[in-house]
Structures are given as C-alpha cells and as structure tokens.
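Colleague: A predicted structure for the sequence below; I have some questions about it.
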Amino acid sequence: MPDQAVALPRATGRVKSLVTLALVVALFVFAFGQTKFNLGALFTGASDFFRFFGRMAPDLTALPQIWPPLLQTIQIAYVATIIGAIIAIPLVFLASANTAFDPVSMWIARTLLTVLRSIPDLLWAALFVAVLGLGALPGVVALTLFSVGVLAKLGSETVESIDPGPLEALKAVGAGRNRTILFAVVPQIAATMVSYMLYVFEINVRASVVIGFVGAGGIGVLLQTYMNFFDYPGLGTLILVIFIVVLAIDGLSVWARSRLI
Amino acid sequence: MGQPAAGQAAGGQAAARQASARHIAFENVEVVYKTGLKALKGVTIDIPRGQFVVVVGLSGAGKSTLIRTVNNLVVPSSGRVVVNDVDVTHARGSALRAARSDIGMIFQTFNLVKRSSVIRNVLSGRLGDLPAWRGVLSAFPKADQAYSHDCLARVGIPEKAYVRADALSGGQQQRVGIARALAQRPSVMLADEPVASLDPPTSHAVMSDLKRIAREDGITTMVNLHFIDMARDYADRIIGMRDGVVVFDGTPTEATDAAFEEIYGRPIDDKDLRGA
C-alpha cells in the first residue's frame, strides 16, 4: 500500500451519523441521571438479594395449590388467542392495501389496530377488572384485544407481501372479492398465520402470568398472594414452575412453527 | 353475482354469437398511466370470431396494455373495447364479472396459487360463473369438477390433479394456467407472453396446445409474443405495435423480415427467434 494518501471520494452522510450518535449519547446521559441508576446500590444490595434467594428454596408441598391457577393461566391464553384470531381475520383483509374494500374502511381498520396495540395488555386488564370485576373473564378480554392487534397487524403485513399474480388471475376470471381472497390469498398466508397464532399464544401465556397482579385471574393472583404473605418457599416453587412451563410452551411452539413453513 | 345474472349473460352471448362476427372491437382506445406514460395512443382494431391473433412488438410497445383492456384489467382513458357486443370498458360490478368470466387469460408467470393443488387452481376458473356461497364453501357442483378434470386432460396432464402446483415444471404450470382459463368455457382467450418463461421445445408444445384448443372450441385468441418465428408459425393474423400505435396488421406471409424491422425499429437478430 502506498504511503501517499490517495484522494478518496468524500463519504456522504458522515455529519448526519455523527449528529445521530451525539443525540443518542446525550439522551442516554440525561435519562441515566433521571433514573438515579446506581451500580453501587446493586452491589450493596447483593447480599440482601442472595439472602432473599436462600429463603426461596422451593417447597414442593405448595404444588397442589399451584396447578389449578396455572391451568387457568394457560386456558386464558388459549381462549384469548383463538377468539383474537377469529376477530383478526376479517380485519386482516380490511387493513391490507391489496384486499381492502376502499381507502376509508382501510384507514379505519388500521387506526383501530394501532389503538389496540398502543395500549399495553396490563392496562387493558386493569381496565376490564374495573368494569367486569375480578376473575379470568377480564383477563380473557384483555388478552383477546391484545391478540387481535398483534395478529391483524402481522397478518396484513403478510397479505401485502403475497405474490400478486393469483390475485390478477382471479380478477380476470371474474371471481368476486371474497372468493378471490379465499382462493388466491388464504392459501398463501395460512401457514404463516398459524405460525403467528402460536407465537401470540406464547406471548399470551407470559402476559397472563402478569395480568393476575391486577386481579385478572390465573397464576398471577397466587403469585401476589405469596408475595403479600412473605411465603418465600411457595414463591420459589411458583417461579420455578412458571419458568419450566413457559420454557416448555415456547419450545413446543418453536418446534411446531418450524414444521409449518 | 347470483345465478340468474350468469344465466342472462350466457343467453346474451348466444344471441351475440349469431348477431355479429365482430367479436372483439377496439374503438380508438387510449391508455394514459398515472405516471403520464401514454401506453396506447388511439388503437382501433376489429377481431372476428375464432381468429388467432398474435400481437408483436418490443417490450414497452403497449402489447400487455392492449390485451389487458379486453378484460378491463387496464381501464382505457378514452375509447372503449367491445366484446360480444358488451362494452367491457364501461361495465362495472356483476356485469363486468360476467364479461370477464367469458374471457380466459394466461400469464407469463402462470399466476397459479403455488401452495394449492393443481385441480383447485383449475376449479378457480369456475368461480366467475358460480353462486357466491358455492365459491366461498368450495362446494363445486359435480359437473364443474368433472369439467375441470377434462380441461386438465385436454392439456395433457390429467394425472397431476392432486399435486401441489409448485411441484410442477414451468411448462406443466403453464398448462395448468391454460386449463384454468378453459374451465371458464371462454369465448375469448388472452395470453400475455405465455412462453417467455419457457425453454424453446416447451414453448412450441404450449403454443401448439393453445392453437389446437382455440381451433377445436372456436375461441377467439390474442397472444402477445416477442418471437418472430413463433408469430409466423401460429398466427392467423399478426398485429405489430410500436410506441402505443398499431404499425402493422396483416397475415404471417405479409409479415416479412422487413416488416418486423419496421415494427421493432431496428435490425432483427437471433434473439428475436425462439428456434426449434
């Protein structure tokens, strides 16, 4: 390589990336200060942390108490995923540019989906506990809304990326809109949609643990009870069980999805 | 679209068949795309019933646009296309769907639903004539199912009915495309560069099938082709397009090398021939 520097073409966009980097750093420093994040506290708290953990040695006699709410958690997730998918299907086609009726209904469907997704599932749960009372029902409703938002969004992205050839072919055949969707679109998206449903089911299982904290049924209710009564062995058992179940469902779902596509 | 509408359309067709030999009429058709591109600049052509027409021209000459105005996949900016005495250009809703169900179309990239079975692809050609509920439930009448299998047999691949479409070779997929169009029982067939994705022997086999079926059923056919030798081999009539205008209209014997050089606006070479 020659010593002499060769005049290289000037890299464009360098100033822009420097400004972006500076902004990211500045925001981080500001937010870091605001949260009073302190590494020291993490270390001084470490001994408490381990003492706490020591007390959480699992107590297997708590298991019989754990199974019923655990089952309910999985049922909440399952029912919410299925109902969510049923509601999402028509919205998928309304919200996709290549299958929508007209721009107005497409805009309405898209806005609805954005609103559904912008509200966290825990907030939905708290809201429906207030309206419907404690129990699994508000949990199902909350997770259903969440599932609709996610499934319809992912679904419409899938629909918009399909091969447009069969759509044109069925238009040329003179088939109506619904028949065109059924014959040209559904076969192209079916496997992907089932895969997304499994994915949303995974998320729902995890979410339905948390929403118990606001009284929306499932294992979270027991989790909170154990915490309130300082039942650390029970808590330890519960966390272990949840960990294993979530891991197993994730594994199953990943396996099933790999078989689909 | 309900059954009565389809019945009326069929009755209308029969009457039209007797009334007029002029099957497809382009009346001063102009197409201007949103980009401002003038794809067709006033095309007027009459095509009599049963004629096998090959449209030639360079890519961008307006061939695809021209045949897509026949089933209104491209809507003319002015002028109109009349098929079977029906003004397709201004038909809407169920009238347009009825007109389209009488016009089969095959495509360069076949446009099959790859994940569906071959027979389901062929059956989808029946959707235009079927009551909506039957289409939605996939409840095809026995006669339609039998007819779809017949169509597959006519293109020589009856044994492929239950194979997934993407498991077939390109030539076989294009045959499924032809079978789907045939399942419509069309009086008009449109083919947009049907052999451009195929190798030379397969191209000839597919074109022979198309020509034979058009003859047997008396289907008026418009095929877009680039290849000079194929146009001469199969056409009853050759229409040459250049820059959105018809610059040649004659028989294969009239379509000399000089005529093609005029259509293409350059000397012709081996790339313009498909070969045997």
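Modeller: Received, thanks.

Colleague: around chain A, pick out the residues from the stretch 101-250 of chain B.
Modeller: Within reach of chain A by Cβ under 8 Å from any Cβ of the partner chain, the stretch 101-250 of chain B has these residues: B:101-105, B:107, B:109-116, B:120, B:124-125, B:127-130, B:132, B:135-136, B:138, B:177, B:180, B:184, B:190. (C-beta placed from N, C-alpha, C; glycine too.)

Colleague: again, only using 6 Å
Modeller: Contacts of the stretch 101-250 of chain B with chain A, taken as Cβ under 6 Å from any Cβ of the partner chain, map to B:101, B:105, B:109, B:111, B:113, B:115-116, B:124-125, B:127-128, B:132, B:135-136.

Colleague: quick one, helices of the stretch 1-150 of chain A?
Modeller: A:14-34, A:39-44, A:46-55, A:63-95, A:103-118, A:121-132, A:136-160 (DSSP state H, counting those that start in this stretch).

Colleague: same deal with the stretch 1-150 of chain B?
Modeller: Using DSSP H, counting those that start in this stretch, helices in the stretch 1-150 of chain B cover B:3-19, B:63-68, B:93-101, B:118-123, B:132-136, B:142-154.

Colleague: confidence-wise, which of these is weakest overall?
Modeller: The stretch with the lowest mean pLDDT among the helices of the stretch 1-150 of chain B is helix B:3-19, at a mean of 44.

Colleague: pretty sure B:I238 sits in a strand.
Modeller: Yes: assigned with DSSP: H, G, I helix; E, B strand; the rest coil, B:I238 falls within a strand.

Colleague: can you give me the neighbour number for A:M193?
Modeller: For A:M193, the count of nearby residues is 19 (other Cβ atoms under 10 Å in any protein chain shown).

Colleague: which pLDDT value belongs to B:S203?
Modeller: At B:S203, pLDDT is 94.

Colleague: and it, how many neighbours does it have?
Modeller: Here the number of neighbours of B:S203 (other Cβ under 10 Å) works out to 23.

Colleague: helix or strand for it, which one?
Modeller: helix B:200-217 (DSSP states H and E).

Colleague: buried residues of that helix, list them for me.
Modeller: Buried positions in helix B:200-217, judged by neighbour count with 16 or more other Cβ atoms under 10 Å in any protein chain shown: B:202-207, B:209-211, B:213-214.

Colleague: could you dump that helix to PDB, C-alpha only?
Modeller: The C-alpha coordinates for helix B:200-217 follow below in PDB (Å, rounded to 0.1, in the frame of the first residue of the first chain):
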ATOM      1  CA  PRO B 200     -37.800 -23.500 -26.800                       C
ATOM      2  CA  PRO B 201     -39.300 -27.100 -27.100                       C
ATOM      3  CA  THR B 202     -41.700 -26.400 -24.200                       C
ATOM      4  CA  SER B 203     -42.600 -23.100 -25.800                       C
ATOM      5  CA  HIS B 204     -43.700 -24.800 -29.000                       C
ATOM      6  CA  ALA B 205     -45.600 -27.500 -27.100                       C
ATOM      7  CA  VAL B 206     -47.500 -24.900 -25.200                       C
ATOM      8  CA  MET B 207     -48.300 -22.800 -28.200                       C
ATOM      9  CA  SER B 208     -49.500 -25.900 -30.100                       C
ATOM     10  CA  ASP B 209     -51.800 -26.800 -27.300                       C
ATOM     11  CA  LEU B 210     -53.200 -23.200 -27.200                       C
ATOM     12  CA  LYS B 211     -53.700 -23.200 -31.000                       C
ATOM     13  CA  ARG B 212     -55.300 -26.600 -31.100                       C
ATOM     14  CA  ILE B 213     -57.700 -25.800 -28.300                       C
ATOM     15  CA  ALA B 214     -58.600 -22.500 -29.900                       C
ATOM     16  CA  ARG B 215     -59.400 -24.300 -33.200                       C
ATOM     17  CA  GLU B 216     -61.400 -27.100 -31.600                       C
ATOM     18  CA  ASP B 217     -63.500 -24.700 -29.400                       C
END
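
Colleague: return the distance of it from the chain's centre.
Modeller: 13 Å (Cα atoms, centre = their mean, to the nearest Å).

Colleague: so who does residue 195 touch?
Modeller: All of this refers to chain A. A:257, A:260 (Cβ atoms under 6 Å, 6 or more residues apart in numbering or on different chains).

Colleague: you looked at the wrong chain, it should be chain B
Modeller: B:203, B:206.

Colleague: so it, which of the three states?
Modeller: coil.

Colleague: okay, now B:R126: neighbour count?
Modeller: Counted by other Cβ under 10 Å, the residues lying close to B:R126 total 25.

Colleague: pick out the residue nearest the middle of the chain.
Modeller: Just going to use chain A. A:I203 (4.8 Å; Cα atoms, centre = their mean).

Colleague: not quite, go with chain B.
Modeller: Nearest to chain B centroid, counting by Cα atoms, centre = their mean: B:L190, 0.9 Å.

Colleague: who is that residue paired with across the strands?
Modeller: Counting by DSSP bridges, B:L190 forms beta bridges with B:M105, B:M222.

Colleague: near chain B, which residues of the stretch 151-261 of chain A show up?
Modeller: Of all the residues in the stretch 151-261 of chain A, those lying near chain B are A:165-166, A:169, A:172-176, A:178-179, A:183-184, A:187, going by Cβ under 6 Å from any Cβ.

Colleague: ChimeraX command for the buried members of those?
Modeller: Selecting only the buried entries of these in ChimeraX, with 16+ other Cβ under 10 Å as the criterion:
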select /A:165,166,169,172,173,174,175,176,179,183,184,187
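
Colleague: low-confidence ranges in the chain?
Modeller: I'll assume chain A. A:1-12, A:261 (pLDDT under 70).

Colleague: hmm, no, I was thinking of chain B.
Modeller: B:1-20, B:276.

Colleague: try 50 this time
Modeller: B:1-19 (pLDDT under 50).

Colleague: one step back: how big is the angle separating the helix or strand where the residue nearest to the centre of chain A lies from helix A:63-95?
Modeller: Per DSSP H and E, A:I203 falls inside helix A:186-210. Angle, helix A:186-210 to helix A:63-95, by axes from the mean of the first three to the mean of the last three Cα atoms, to 10 degrees: 140 degrees.

Colleague: what helices or strands is the helix or strand following helix A:186-210 leaning on?
Modeller: The element immediately downstream of helix A:186-210 (helix or strand, assigned by DSSP H and E) is helix A:219-228. Packing contacts for helix A:219-228, counted by 3 or more Cβ pairs under 6 Å, 6 or more residues apart in numbering or on different chains; DSSP states H and E, involve helix A:63-95, helix A:186-210, helix A:232-260.
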